[in-house]
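Peer 1: Quick one: sequence and predicted model below, then my questions.
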Amino acid sequence: MECHDAINARRSVRDFTEERIPEDTLKRIIAAAYKAPANDHFRDWHYIVVTDPEVKRQVLEGIPKNLTVKDVDRMTFISDPVQKESYQVAVPKQYRMLYDTAALLVPLMKKKSDILHPANLSDLNCYASVWCSIENLWLAATAEGYGCNLRIPWGEEEAVAQKALGFPDGYLIPCFIGIGRPAPDAVLTKQINVDLDDRIHWQKF
């Protein structure tokens, strides 16, 4: 798949078949993550691949399993109808979209600064870099015919995952990634179309 084809085809997928992903394919997809730019050139990221259902259950134990559309209705920050429809699809699937996957990927980045209380924007360089790697991974998965979703840990979810996975202190989970073959009836949420003439500015704003 060509680069722009993968970019245009990339969507959040939350419904999957039971098809497994070959290990060499997963390695190839994750290898793309390490082609991303890195603020310090070391690319000090790790990716934990979880395919065992019991280990996945332990990792995801902290994620709510009983969220509903009514929970979306109580989210006061949602105003756009397309955004609301997207949340109505995504929120109730927060646990299942990660558990019912061929593989759960857990990226890890070294904590080099307190990103929740940065002294300046440079303190966020390591966090920005790992997200570049995640985007590369996502596009590589799309090019291979697979779909991905992600959830940023909330509350105690990261601590629960650390206990299950046994990674050392000093690392942070930027997100959980579910990857698998999209189900034929996978629900894909609408995209908000952006008017490029309104967003792209030449020479000045």
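Peer 2: Great, that's in hand. Numbering: from 1, shown residues only.
Peer 1: check contacts around the closest residue to residue 115 other than its chain neighbours.
Peer 2: Distance criterion C-beta to C-beta, 6 or more residues apart in numbering; nearest residue to residue 115, sequence neighbours excluded, is residue 127 at 4.9 Å. Just so you know, the C-beta spots here come from the backbone N, C-alpha and C atoms, and that holds for glycine as well. Neighbouring residues of residue 127 by C-beta atoms under 8 Å, 6 or more residues apart in numbering: 109, 115, 174.
Peer 1: any idea how far residue 96 is from residue 21?
Peer 2: Separation of residue 96 from residue 21 (C-beta to C-beta, to the nearest Å) stands at 18 Å.
Peer 1: When the two are compared, which one has more neighbours?
Peer 2: The neighbour count for residue 96 versus residue 21, taken as other C-beta atoms under 10 Å, is higher for residue 21 (19 against 16).
Peer 1: Tell me if I am right that the more buried one is in a strand.
Peer 2: No - assessed with DSSP: H, G, I helix; E, B strand; the rest coil, residue 21 is coil; it does not lie in a strand.
Peer 1: and the residue nearest to residue 115, what helix or strand is that in?
Peer 2: Taking DSSP states H and E as the definition, residue 127 sits inside helix 125-143.
Peer 1: For the residue nearest the centre of the chain, what are phi and psi?
Peer 2: Geometric centre of the chain, nearest residue: residue 150, 2.8 Å, by C-alpha atoms, centre = their mean. Phi and psi for residue 150, reported as degrees, to the nearest 10, are phi -150, psi 160.
Peer 1: one step back: please compute how far the helix holding residue 127 lies from its chain's middle.
Peer 2: How far helix 125-143 lies from its chain's middle: 9 Å, per C-alpha atoms, centre = their mean, to the nearest Å.
Peer 1: and what of stretch 12-28?
Peer 2: With C-alpha atoms, centre = their mean, you get 14 Å for stretch 12-28.
Peer 1: List the buried residues for it?
Peer 2: By neighbour count with 16 or more other C-beta atoms under 10 Å, stretch 12-28 contains the buried residues 12, 13, 14, 15, 16, 21, 25, 26.
Peer 1: try stretch 169-178
Peer 2: Buried residues in stretch 169-178, counted by 16+ other C-beta under 10 Å: 171, 172, 173, 174, 176, 177, 178.
Peer 1: Settle this for me: the first one is touching residue 111, isn't it.
Peer 2: It refers to residue 171. Yes - assessed by C-beta atoms under 8 Å, residue 171 is found in contact with residue 111 at 6.6 Å.
Peer 1: what kind of secondary structure is residue 90 in?
Peer 2: The local conformation at residue 90, judged by three-state DSSP, is helix.
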